[in-house]
Structure formats: C-alpha cells, structure tokens
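Colleague: Provided below are the primary sequence and the corresponding predicted coordinates.
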Amino acid sequence: MSDRVTRLREKMDEAGFDGFLIGCPVEDIFHITGMNRRYISGFTGSTGWVLVTVDAQFIAVDFRYFEQAEKECPSFTLFPTVGGLDKWLPELIGEARLGGKKIGFEKGDLSVATANVIQKSLESMPQTERPKIVGGPPLIAQLREFKEPDEIETLQRAVDVGDAAFNHVAALMEPGWTEKQVAWEIEKHARENGADFMSFPSIVAAGPHGAMPHAQPTDYVIQAGDPVVIDMGVIVEGYCSDLTRTVVCGGKPSAKFLQVYDIVHMAQLTAEELIRAGMTGEEAHMLAHNVIAEAGYGEHFGHGLGHGVGLQVHEAPRLAKTATDELADGQIVTVEPGIYLTGEFGVRIEDQCVIEGGKVRPMSRAPKILS
C-alpha cells in the first residue's frame, strides 16, 4: 500500500491538502462502499477511518477491529476510537498535527449527516487549532481507475470464476426453471468455486422481462424458446467481475430474436475491435451505437456502452453518450451494448476488458455465439 499512499500524497500536494480523510458513507457490511479506504490502507472491516498526512498515516477503528487493522494495515498507526466521530476526531487531528491545516475528503465518502458531525466536532477545538475540512476532487477514485498488474491478475481470476458459473448454469438450465432458480444456481456454483461474494444480485430476465435492463429474478417459469438475459458477477479477493450473456432456453428462437442478437453481437465486436486509448467514453460508446442505429434499433439502446470495474462493479471510467472520460492503458472496462423491445425480449452481451497496448482485450471467455 505504500506506493498508493505515496501517489495519494502527490495528489494531495497538487490539491493543496495537508491531510486527507477517508471514510465511508454507510457501514460497509456488504463490502461495496468502503473501497477508497480499502484501496489506500488494505482494511476490509465495515467501519473505520483513514487519515493520511504528508508524513504519517492513521487507521482509526473501534475495539472490534484493533487486531484486524494491525494485521491488514501494518504501515498505518492504529488510533483506537471510543464513541462517535465527534468524541475522538479532534484528538486524532491533534495527534496528526493538522491543527489549523487543510484536510480534504472525497465527497462520495461522507454523508451529509457525517459531514455535519465533523463540522460540529471541530467546535470543541480552540479557534486557532481548528482545521479546514473541505470536499475535494476524487483523488483516490482517480488512482483506482488505473489498475496495477496484481490487480489485473485478481480481476482475471474473478472473471474466470464468473465465466465458470455462467457456463455451469447455461448447460443445466431448461424450460420449467424459474428465473430465481437460475440466479440461485449461479450463486451456488460461484460461491462453491472461488467467489467470496457476488458483485451484485444476479439479473436473470426471461422472455419479455429481458426488455428491462435491470430486471430482478422472479418466479416466472421459463418457457421453451424464451431468450434469457443473464447479467452476473462475482468478487474474488475484493475485486469484481461483470458478465452478460443472452441465451435461448430450449426450443427454437424466433427469426426476429436471431436478427436482433446478430446486431447486438456485431455492435459489441465492432466496439471491442475499434476502441483505442485516447478516445473519450462518448466516442467509444458511439462505435456500438452507430451499428445498432444503422440497423434501425437506435432508440432501443438507451444505456451507456460500459463502465470501469475494480473494487467496485461500477467505477470510472464511463463509456456513454455524455462521457468525457479519456480511455487509457491500465483501465478495466465493460463493453455491453443491448437492444430492448418492450413486451417481447431483450438482448445484451457484455465482456469485461482490459485496455493495454492502446487497444481493448476481452477478459471474458464465456461463449456468446448461439448454437
């Protein structure tokens, strides 16, 4: 973690911060919101604070996490906390020698209520010792956007576990199963074969439900010939995967479905072939959008082409119509065009990819050619 702290300090210096406070908007019991704290310190507990200064770094946790913090954050000074933030924050600021200094934080790391508690707690300090605590640019999110080689290796393991879970259920699923049954079989296989958690509740959307991009599994009984959109991901050692495939469960798919599937598949292949480092997220999105629009379905592709993946399943950069993010080597992104026809079916195909050598390389290997 020392290199990450060093890079954060460089960004703090550029932003004019003497310290940087890293928390979490809610208790991270599901391991999905405390990722900035984890990235910088290695701490995986649900509650705690990190404070980084120009020459020190602290991990502030209560009794439940003393031993865990010492093991996971050996280069951080343990600051034991008792009671609420307002009870101990002034003492931590004093120990960090930040009295009267400027402390930054990422706005997404704090709720409004917590920010108010912080400001209230400073009132107990002498006027001259009160630091200025201000929301700043997303310094850690910017660091997380570019993956280190070890991170890419872990992400590939997550992708592989997800691929295996999809392949397992695709071979097993048959007419008469419910959407919920498919989702449970995915999670069961994933958890029994290397996944620590699911990166999000699996989407299994059969028949007309597939026209809803974020449909949740129901008791709908899958019929022979139904298209089924399966969007799923797993977490391995904190890192996420994200995969979508659209399959047909038994029976013969309609000619219209096959036509739409081919359009989405071509749009995805085109984007993966032509995306280059240096493009904006909007330019990348339009590579796929233009294929779909030229086929007459532009109005049925309403979401962005993709997003970054890492410690969170949705993070920077964005690939979408209004995205100004510039793509670069070291980023992990999804490429997931779709067409959604209300009352009929939906098709989405998604690969998780790494940008390297200026191009996109798919990490996902699960089959996407309909047999």
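Modeller: Done, it's in.
Colleague: pLDDT score for Q352?
Modeller: Here the pLDDT value assigned to Q352 is 98.
Colleague: now do the helices in the stretch 1-150 of the chain.
Modeller: 2-15, 35-41, 66-72, 85-95, 112-122, 139-144, 149-172 (DSSP state H, counting those that start in this stretch).
Colleague: hmm, I typed the wrong one, I wanted the stretch 201-350 of the chain.
Modeller: Secondary structure of the stretch 201-350 of the chain (DSSP H, counting those that start in this stretch): helices at 255-274, 281-294.
Colleague: of those helices, which approaches P138 most closely?
Modeller: helix 281-294 (15.9 Å; CB to CB). Every C-beta, even on glycine, is put in place using the N, C-alpha and C of the backbone.
Colleague: quick one, that closest one and helix 255-274 angle?
Modeller: In terms of direction (axes from the mean of the first three to the mean of the last three CA atoms, to 10 degrees), helix 281-294 departs from helix 255-274 by 150 degrees.
Colleague: in helix 281-294, what counts as buried?
Modeller: Going by neighbour count (16 or more other CB atoms under 10 Å), the buried part of helix 281-294 is G281, E282, E283, A284, H285, M286, L287, A288, H289, V291, I292.
Colleague: need the nearest residue in space to the fifth one, chain neighbours excluded.
Modeller: Excluding its sequence neighbours, the residue lying closest to H285 (CB to CB, 6 or more residues apart in numbering) is L305, at 4.1 Å.
Colleague: hmm, the one you found is touching P337, no?
Modeller: Yes - contact criterion CB atoms under 8 Å: L305 and P337 qualify, at 6.0 Å.
Colleague: between those two, what contacts are shared?
Modeller: A271, A288, H289 (CB atoms under 8 Å, 6 or more residues apart in numbering).
Colleague: tabulate the residues you listed in TSV, adding columns for distance to I152.
Modeller: Formatted as TSV, these follow (distance: CB to CB, whole Å):
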residue	distance to I152
A271	20
A288	24
H289	28
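Colleague: can you redo the residues you listed as CSV with pLDDT and distance to W177?
Modeller: Shown next, in CSV, are the shared contacts of L305 and P337 (pLDDT from 0 to 100; distance: CB to CB, whole Å):
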residue, pLDDT, distance to W177
A271, 98, 32
A288, 98, 31
H289, 98, 34
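Colleague: for L341, give the beta-bridge partners.
Modeller: F345 (DSSP bridges).
Colleague: so what pLDDT did it get?
Modeller: Per-residue confidence (pLDDT) for L341: 98.
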